[in-house]
Structure formats: structure tokens, C-alpha cells
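J.: A structural model of the following input is requested.
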Amino acid sequence: MMPADHPLVVCHNDLIPANMILSDSSSSEPDIRIIDYEFAGIGHQAQEIGYFMSEFVGMDIGEDRYPDLQFQLNFITEYLKSWYSFTQKGERAVNDDEVWNMYVRATKYSQLRHFACLAGTIAIASRDASYSNNVESLGGHDAIWYVLQNWSWYQRKKEQLQRLDLKPE
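T.: Below is the predicted model of the structure:
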């Protein structure tokens with residue numbers, strides 16, 4: 001990985017599109033509400049963003065469903081603007097290098113999520129045989145299928161993602 005030189009923040013730890021509600025608002029700015037805080041805790045910003053990007057695709061992992069680079073950079077820009085506004089009580093410009101570095105960190109954390117999913121699913125399935133057959137909790141697939149999807153994604157992407165470099169800030 002890399003040194004954890006980015007701040008610790010309160011993380012949702014299950015920030016998936018299904019846990020976000022877009023309010024029907026007359027404002028030009030979207031009003032997004034986040035629900036389901038049962039896994040919330042302290043973590044790194046990049047961990048939260050990486051998790052969001054890796055979970056964005058849902059159960060069917062594939063390049064055609066993963067957010068493209070521009071979406072990720074836009075999301076990170078808005079995330080950092082909001083975070084600076086909240087923590088520094090005012091607006092602060094976000095520069096391209098900050099956004100790129102967060103993208104690199106988040107992308108590297110996203111690899112960890114796929115690997116952790118593999119290990120976690122195997123551990124749960126080996127302890128509770130009924131879990132591996134609980135197809136409803138895994139989008140109609142069994143646990144072995146889900147493990148294989150995550151492992152395959154990790155193997156396809158790891159070399160490309162590990163070559164990403166931070167820019168000096």
C-alpha cells in the first residue's frame with residue numbers, strides 16, 4: 001500500500017448507491033441523504049472513497065459497470081470540497097493534484113476491498129454453510145460465485161492500479 005498520510009474521518013463503511021437517497025428538491029443542488037450507518041466508524045478518506053467506487057458496480061463486477069475516471073475525479077472533487085467546507089468552516093479551492101492523489105489512494109484501497117471481500121466471504125461461508133447458499137443476500141448468486149468475481153477483478157486490475165503514482169503536493 002502506501003503511508004497513511006491522509007486524515008482519519010468518520011466513514012460510513014457501506015457507502016453504496018443503495019444507501020443514498022436523492023431528495024426531490026427544487027434547488028439546483030442535489031440533496032443526497034445517506035442511510036444505514038450500522039458499519040460506521042473511523043477510517044481514512046481514501047478507504048471510504050475506494051470502497052464506494054468498488055461497490056458502485058453492485059454484485060456484477062465488470063469494467064463496463066465500474067465508474068469511469070472522469071466520474072471518479074468529479075466525485076472526489078465534490079467530496080473534498082464538502083469535507084473542506086465542513087472541517088474548515090468555509091470554502092477552499094481543491095486543486096487537481098489533491099484530487100489526483102486522492103484518486104490514487106482510493107484506487108489502491110479499492111484493491112484491498114476486493115481482497116478483503118474474498119477473505120471475509122470464505123471465512124463466513126466456512127463457518128456457516130447456510131451462508132454460501134443464501135443467494136438472496138448476494139443478488140441471486142452464491143458466496144463462491146461472489147468470491148470468484150472479486151478475486152477475478154482483483155487479479156485483472158492489480159498491476160494497472162499499482163502503477164499509479166502520487167503527485168507532489
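J.: Surely residue 106 is in contact with residue 54?
T.: No. Applying Cβ atoms under 8 Å, one finds residue 106 not in contact with residue 54, separated by 9.2 Å. For the C-beta atoms, the positions are set from N, CA and C on the backbone; glycine is no exception.
J.: and residue 67, that's in a helix?
T.: No. Using DSSP: H, G, I helix; E, B strand; the rest coil, the secondary structure at residue 67 is coil, not a helix.
J.: For the strand or helix carrying residue 82, which helices and strands make contact with it?
T.: Per DSSP states H and E, residue 82 falls inside helix 69-87. The helices and strands touching helix 69-87, judged by 3 or more Cβ pairs under 8 Å, 6 or more residues apart in numbering; DSSP states H and E, are helix 45-55, helix 96-127.
J.: worst average pLDDT in those helices?
T.: If you rank the helices and strands packed on helix 69-87 by mean pLDDT, helix 96-127 sits at the bottom with a mean of 75.
J.: where does the chain have its least confident helix or strand?
T.: When each helix and strand of the chain is scored by mean pLDDT, DSSP states H and E, helix 129-132 comes last, with a mean of 51.
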